[in-house]
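Visitor: Build me a structure from this.
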Amino acid sequence: MINFNWEDLDSAVKIVAARYKEKKFSGVYGIPRGGLCLAVKISHHLNLPLLFEPEDGCLVVDDIYDSGKTLEKFKNLKNASYFVLISKKDPTWFDSYLTMKNDEWIIFAWEDSSKALIDKEDYYAKN
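Guide: The predicted structure follows:
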(Lines give C-alpha, C1' and ligand atoms only; values in the text may rest on other atoms or scores of the structure.)
Protein backbone atom coordinates (compact mmCIF):
# COMPACT_ATOMS: atom_id res chain seq x y z
CA MET A 1 0.00 0.00 0.00
CA ILE A 2 1.16 3.50 -0.83
CA ASN A 3 0.46 6.51 1.38
CA PHE A 4 -0.39 9.80 -0.33
CA ASN A 5 0.05 12.26 2.54
CA TRP A 6 -0.85 15.94 3.06
CA GLU A 7 2.54 17.11 1.79
CA ASP A 8 2.04 15.09 -1.39
CA LEU A 9 -1.37 16.70 -1.78
CA ASP A 10 0.04 20.21 -1.30
CA SER A 11 2.70 19.59 -3.95
CA ALA A 12 0.16 18.18 -6.39
CA VAL A 13 -2.29 21.06 -5.89
CA LYS A 14 0.41 23.66 -6.58
CA ILE A 15 1.22 21.95 -9.86
CA VAL A 16 -2.45 21.58 -10.80
CA ALA A 17 -3.21 25.21 -9.94
CA ALA A 18 -0.32 26.37 -12.13
CA ARG A 19 -1.54 24.14 -14.97
CA TYR A 20 -5.08 25.56 -14.87
CA LYS A 21 -4.53 29.15 -13.70
CA GLU A 22 -5.15 30.68 -17.16
CA LYS A 23 -8.26 28.63 -17.84
CA LYS A 24 -11.73 29.97 -17.01
CA PHE A 25 -13.98 27.64 -15.01
CA SER A 26 -17.41 28.11 -13.48
CA GLY A 27 -16.10 26.40 -10.35
CA VAL A 28 -14.56 23.20 -9.03
CA TYR A 29 -16.59 20.06 -8.42
CA GLY A 30 -15.09 17.26 -6.33
CA ILE A 31 -16.55 13.81 -6.81
CA PRO A 32 -17.60 12.49 -3.38
CA ARG A 33 -15.77 11.19 -1.38
CA GLY A 34 -12.24 11.18 -2.71
CA GLY A 35 -12.47 14.33 -4.78
CA LEU A 36 -13.83 16.60 -2.05
CA CYS A 37 -10.59 17.48 -0.24
CA LEU A 38 -8.84 17.97 -3.55
CA ALA A 39 -11.65 20.22 -4.83
CA VAL A 40 -11.53 22.44 -1.74
CA LYS A 41 -7.78 22.94 -2.04
CA ILE A 42 -7.90 23.61 -5.78
CA SER A 43 -10.81 26.03 -5.40
CA HIS A 44 -8.76 28.01 -2.87
CA HIS A 45 -5.66 28.05 -5.08
CA LEU A 46 -7.60 29.10 -8.19
CA ASN A 47 -9.99 31.40 -6.30
CA LEU A 48 -13.00 29.56 -7.71
CA PRO A 49 -16.25 28.54 -6.04
CA LEU A 50 -16.60 25.00 -4.74
CA LEU A 51 -19.57 23.49 -6.54
CA PHE A 52 -22.03 21.14 -4.90
CA GLU A 53 -23.25 19.85 -8.26
CA PRO A 54 -21.24 19.44 -11.47
CA GLU A 55 -22.04 21.93 -14.21
CA ASP A 56 -20.96 22.85 -17.70
CA GLY A 57 -17.64 24.68 -17.78
CA CYS A 58 -16.39 23.42 -14.42
CA LEU A 59 -13.27 21.57 -13.36
CA VAL A 60 -14.23 18.07 -12.16
CA VAL A 61 -11.69 16.46 -9.83
CA ASP A 62 -11.28 13.10 -8.14
CA ASP A 63 -8.58 11.34 -6.17
CA ILE A 64 -8.06 8.33 -8.43
CA TYR A 65 -8.96 6.89 -11.81
CA ASP A 66 -8.95 3.15 -11.32
CA SER A 67 -11.72 1.43 -13.25
CA GLY A 68 -12.93 4.73 -14.71
CA LYS A 69 -16.57 4.12 -13.76
CA THR A 70 -16.80 7.09 -11.41
CA LEU A 71 -15.24 9.84 -13.52
CA GLU A 72 -16.91 8.66 -16.72
CA LYS A 73 -20.33 9.50 -15.25
CA PHE A 74 -19.38 13.17 -15.65
CA LYS A 75 -17.70 12.93 -19.06
CA ASN A 76 -20.43 14.67 -21.06
CA LEU A 77 -20.42 18.06 -19.34
CA LYS A 78 -19.94 20.81 -21.90
CA ASN A 79 -16.63 22.71 -21.76
CA ALA A 80 -15.59 20.92 -18.57
CA SER A 81 -12.09 19.75 -17.70
CA TYR A 82 -11.26 16.65 -15.69
CA PHE A 83 -8.40 15.99 -13.31
CA VAL A 84 -7.41 13.13 -11.01
CA LEU A 85 -4.49 12.92 -8.63
CA ILE A 86 -3.56 9.37 -9.57
CA SER A 87 -4.54 7.40 -12.65
CA LYS A 88 -4.10 3.66 -13.07
CA LYS A 89 -4.49 4.09 -16.84
CA ASP A 90 -2.92 6.47 -19.34
CA PRO A 91 -5.04 9.64 -19.36
CA THR A 92 -6.77 10.21 -22.66
CA TRP A 93 -9.65 12.64 -22.04
CA PHE A 94 -8.61 13.75 -18.53
CA ASP A 95 -5.44 14.98 -16.82
CA SER A 96 -3.61 13.39 -13.92
CA TYR A 97 -0.86 14.36 -11.55
CA LEU A 98 0.61 10.86 -11.46
CA THR A 99 0.07 7.72 -13.53
CA MET A 100 0.76 4.37 -11.92
CA LYS A 101 0.83 1.12 -13.86
CA ASN A 102 0.53 -1.16 -10.88
CA ASP A 103 -2.24 -2.45 -8.67
CA GLU A 104 -0.97 -0.82 -5.49
CA TRP A 105 -3.72 0.39 -3.19
CA ILE A 106 -3.40 4.10 -2.42
CA ILE A 107 -4.24 5.45 1.03
CA PHE A 108 -4.95 9.16 0.81
CA ALA A 109 -4.29 11.50 3.74
CA TRP A 110 -7.99 12.07 4.37
CA GLU A 111 -8.72 8.34 4.62
CA ASP A 112 -8.61 6.16 7.72
CA SER A 113 -5.53 4.02 7.16
CA SER A 114 -6.73 1.47 9.72
CA LYS A 115 -9.62 0.65 7.36
CA ALA A 116 -7.54 0.45 4.17
CA LEU A 117 -7.81 -3.32 3.78
CA ILE A 118 -11.59 -3.20 4.27
CA ASP A 119 -11.87 -0.35 1.75
CA LYS A 120 -9.77 -2.29 -0.75
CA GLU A 121 -11.84 -5.47 -0.36
CA ASP A 122 -15.11 -3.52 -0.65
CA TYR A 123 -13.88 -1.74 -3.78
CA TYR A 124 -12.83 -4.91 -5.58
CA ALA A 125 -16.00 -6.73 -4.54
CA LYS A 126 -18.06 -3.99 -6.27
CA ASN A 127 -15.90 -3.71 -9.38
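Visitor: which residues does the residue positioned nearest the centre of the chain contact?
Guide: The centre of the chain sits closest to residue 62, judged by C-alpha atoms, centre = their mean, with a distance of 2.1 Å. Residue 62 is in contact with 30, 31, 34, 35, 38, 70, 71, 83, 84, 85, counting by C-beta atoms under 8 Å, 6 or more residues apart in numbering. C-beta here means a position set from N, CA and C on the backbone, and glycine is covered the same way.
Visitor: Return the closest of those with respect to residue 108.
Guide: residue 34 (6.6 Å; C-beta to C-beta).
Visitor: Does that closest one touch residue 64 like I think?
Guide: Yes. The criterion here is C-beta atoms under 8 Å, and residue 34 meets it with residue 64 at 6.4 Å.
Visitor: for this structure, which helix is longest?
Guide: helix 6-20 (DSSP state H).
Visitor: Skip ahead from it and say which helix or strand is next.
Guide: Of the helices and strands lying after helix 6-20 in sequence (DSSP states H and E), the nearest is strand 28-30.
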